[in-house]
Every structure is written in structure tokens, then in C-alpha cells.
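1. Next come a sequence and a model predicted from it.
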Amino acid sequence: MKDDATRELEGEAKVSLLLRCLWFALLIFCVLVGIYTRLSYTDIATNPTRFATTPYNYLPAHTTDQNLEPESKRATDLDADIDALISQSPIIIECVFEGNRRYLYQSFPSDVRILTRLKGDGIQAGQIMQIFEPVQLVNEAGKAHYATPSGMYDCGYTMMKEGAKYLVFLSAKEYPAEENRIDKHTEYVFQEHPYAKISIGTDTGGGVYVASDEQMTVGEASTYEIVVSTSEDAKLFDIKKKMLLEATRVTADPFLQ
């Protein structure tokens, strides 16, 4: 007969085995959830129709009480120095969004074709480059996927629309020195400035959008140049945009004429 000590050891071994099995099952579950999430993100990002109908939370920074303070509103940024934007931007181009994009590093590398090089070395008209748009996909428990601006564009940013023309202010995307990437001369990010992407034609269609309680999709938001908090912000944006276009000698948007 087994003594008490033996039975106790066998019981502990069974508990230990059960815990290991539970841990392994949990690990497998987490891996499968991760794979499913990644695949669903990829499916949304690579399916233009599905991505265009994805809900777009364009003003996430305005969803909490603390963000109602004046200094945290987008309007503060809209009065940013445009002369500094011009002087500090290594790359300034007119471009057209070609319609190709994918989801990577919680952003969307999007293909644009250079129409005019206004500033920058090693680039030329006709060249295709990738601009990482600061938008990420989010999937909260029990809710559908939605897209939202990220990083410095904590609110107001709208994604580029296929066929639309833009004046953009860029810098090269930085990678760790040990990553000897062959594509590092074709990948760029927007300058950290609210006027780093502005429309130079009627292609976007809707001009500036003043935020409301109505929900928009990614596709609907892309028909606007930017989302602002108030009508006063919209007026300020139009004034500063016209000044920027004149400073870079780009033909003014018909909305401003």
C-alpha cells in the first residue's frame, strides 16, 4: 500500500502536470488569437473595398474629459510655424497617391508618384516612393476593427485618396544602423507638423471637415483634407495653407481662391 507521503507526491505531480497542460493550452490559444488578428489586419489592409468601409475614429484624442483642455486641442497645432516646416524638411514634393498600400509597423506604407521635386536630393519626378501614413488598425474586445490616427497625428489626420494630388513635407524613415536595408532610400515619413500633407487639387473633394458626432469610414474621411475641431480651426487651416502654398510656389487649391 502507498503511504501518505507517496500519495501526496503523486497528487502534487498530477497538479503540476495539469498546470503545465493549462499553461500550454493558454499559450496555444494566445498564438492562435495573434495569428487571427494579424491575418484579419492584413485582409483589411490589402482589400481596398473592405478597408474603405472600415470605421475611422478620426479624433481619438478628444474622447476623454482631460482632452477638452484648450492646450490639448488640435487648434493649438494649427497655428504652427510654416517657415520652419519648409526649412526643416529634407524632402518637399508634389505627388499623387497611386492607390497601393499595405499595413506594417502600425502604419500604412503608401505608394506615391512624384510629380514635382521642390526640395531634396536623390529623388526625381516620376519616381515611386513609399510614405508611411500614421494610421493604425485597432481591435477592441467585442468590437469590430476600426482605424485611427497614431503618433503625432493623435487626431485630425485623413488618409490619402487614390488619384489625389498632395504637397508633402517628408524625411527619410529611420531604421537601426544594423539593418542594412536596400529600400531605405525609398521610404519616407511625414514631418511632425499639421501641414505636412495638404491637398493641391479638387481630388479630395470635401476640403476641411469640422468634427461632428457622425461616424465616418476610412474612405469617407479620405475625401477630406483634414478633420478639425471647430469652424474657427477650419478658417485658420485655410489661411495657413494658402500661405504655405504661396511660400512653396504651388498653385493654390481652388477651395481657397
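-> That came through, no problem. In this text the structure is predicted, and so the values were computed from the model without any measurement. Numbers count the residues shown, from 1 in each chain.
2. how would you label E220: helix, strand or coil?
-> Look at E220: counting by DSSP: H, G, I helix; E, B strand; the rest coil, its state is helix.
3. for I114, same thing?
-> Three-state assignment for I114 (three-state DSSP): strand.
4. Okay, and the beta partners of it?
-> Listed by DSSP bridges, the beta-bridge partners for I114 are C95.
5. That one against G126, yeah?
-> Yes - the pair formed by I114 and G126 meets the contact definition of C-beta atoms under 8 Å, at 6.4 Å. In this view, the C-beta of every residue, glycine as well, is placed from N, C-alpha and C.
6. of those two, who's got more company?
-> The neighbour count for I114 versus G126, taken as other C-beta atoms under 10 Å, is higher for I114 (20 against 9).
7. Against A247, how distant is that one?
-> 20 Å (C-beta to C-beta, to the nearest Å).
8. immediately after the host helix or strand of T148, which helix or strand?
-> If you go by DSSP states H and E, T148 is part of strand 146-149. Sequence order places strand 165-172 as the next helix or strand after strand 146-149, per DSSP H and E.
9. Against which helices or strands is the helix or strand just after that next one packed?
-> Per DSSP H and E, strand 165-172 leads on to strand 187-190 as the next helix or strand towards the C-terminus. Under the contact definition 3 or more C-beta pairs under 8 Å, 6 or more residues apart in numbering; DSSP states H and E, strand 187-190 sits against strand 128-133, strand 165-172.
10. same thing but at 6 Å, please
-> On a contact count with 3 or more C-beta pairs under 6 Å, 6 or more residues apart in numbering; DSSP states H and E, strand 187-190 meets strand 128-133.
11. buried ones in the strand it packs on?
-> M129, Q130, I131, F132, E133 (16 or more other C-beta atoms under 10 Å).
12. pLDDT at the nearest residue to V168 once chain neighbours are set aside, what is it?
-> With C-beta to C-beta, 6 or more residues apart in numbering as the criterion, V168 has its nearest non-adjacent residue at 5.2 Å, and that residue is K197. The predicted structure scores K197 at 93 on the pLDDT scale.
13. can you check the one 3 residues further on too?
-> Reported pLDDT at I200 in the predicted model: 89.
14. and the gap between it and M216?
-> Counting by C-beta to C-beta, the gap from I200 to M216 is 23 Å.
15. So between these two, which is more surrounded?
-> Neighbours were tallied for I200 and for M216 using other C-beta under 10 Å; the higher tally belongs to I200 (23 against 19).
16. Wasn't L245 part of a helix?
-> Yes - the assignment for L245, made by three-state DSSP, places it in a helix.
17. All further residue positions should be reported with the first residue as 753.
-> With the count now opening at 753, the last piece we talked about shows up as L997.
18. A986 is in what secondary structure piece?
-> Under the assignment given by DSSP H and E, the secondary-structure element containing A986 is helix 983-999.
19. wait, isn't A986 in contact with V980?
-> Yes - contact criterion C-beta atoms under 6 Å: A986 and V980 qualify, at 5.2 Å.
20. Name the residues contacting each of the two.
-> Both A986 and V980 are in contact with V960, V962, where contact means C-beta atoms under 6 Å, 6 or more residues apart in numbering.
21. So between these two, which is more surrounded?
-> The residue with more neighbours, out of A986 and V980, is V980; 25 against 21, by other C-beta under 10 Å.
22. Now do the SS call for F803.
-> Per three-state DSSP, the secondary structure class of F803 is helix.
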